[in-house]
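**Q** quick one, fold the following:
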Amino acid sequence: MTEYGHVCGAILPADPRLVTVHLRNAHAAGGESKEMTTCLWSNCHSRSIQRRSLIRHILSVHLRLLRWTCPQCFRTFARRGTAHNCQFGGDMLPHA
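**A** Take a look at the predicted model:
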């Protein structure tokens, strides 16, 4: 993670829980605040993000550790709640 022009350099584990601990302890990311912040990850093009969503954003967008595969169309999404429509058996099925 690049923070104020400095690269953290930590080698992150593949376990989202351990990455979450690192992000909270080393970078003061996360929390319950709806306050808007920006992602300081190198080359991140996201606009303002709620502070409470920042860790999920990093885990899903930058590290791709949070993935959900639709059991009907097999497309992969950052999380199950990402709504999409897929064609299954000739019918368009909305599902999340």
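**Q** any chance you could list what contacts the longest helix along the chain?
**A** Criterion DSSP state H: the longest helix present in the chain is helix 16-27. For helix 16-27, contacts defined as C-beta atoms under 8 Å, 6 or more residues apart in numbering pick out 1, 3, 8, 10, 12-13, 29-30, 54-55, 58-59, 63, 65-66. Backbone N, C-alpha and C define where each C-beta goes, glycine included.
**Q** give the buried subset of these as a ChimeraX selection command.
**A** Burial among these is assessed by 16 or more other C-beta atoms under 10 Å; the matching ChimeraX selection reads:
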select :1,8,12,29,30,54,55,58,59,65,66
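**Q** and which of the contacts of helix 16-27 is nearest to W41?
**A** W41 lies nearest to M1 out of those, by C-beta to C-beta, at 5.4 Å.
**Q** quick one: contacts of stretch 62-71?
**A** Stretch 62-71 has contacts (C-beta under 8 Å, 6+ apart) with 12, 14, 16, 19, 39, 41, 44, 56, 59-60, 75-80, 82, 84, 86, 95.
**Q** give me the buried stretch members for that stretch, please.
**A** Going by neighbour count (16+ other C-beta under 10 Å), the buried part of stretch 62-71 is H62, L65, L66, C70.
**Q** okay, how far is it across it, tip to tip?
**A** Using C-alpha to C-alpha, to the nearest Å, the end-to-end distance of stretch 62-71 comes to 24 Å.
**Q** average pLDDT for that stretch, rounded please.
**A** Confidence over stretch 62-71, taken as the mean pLDDT, stands at 84.
**Q** any idea how far F77 is from I11?
**A** 27 Å (C-beta to C-beta, to the nearest Å).
**Q** now, which of the contacts of helix 16-27 lie within helices?
**A** Judged by DSSP H, the contacts of helix 16-27 include L54, I55 as members of helices.
**Q** what two of the contacts of helix 16-27 have the greatest distance between them?
**A** Distance extremes for the contacts of helix 16-27: the farthest pair is E3 and L66 at 21.3 Å, using C-beta to C-beta.
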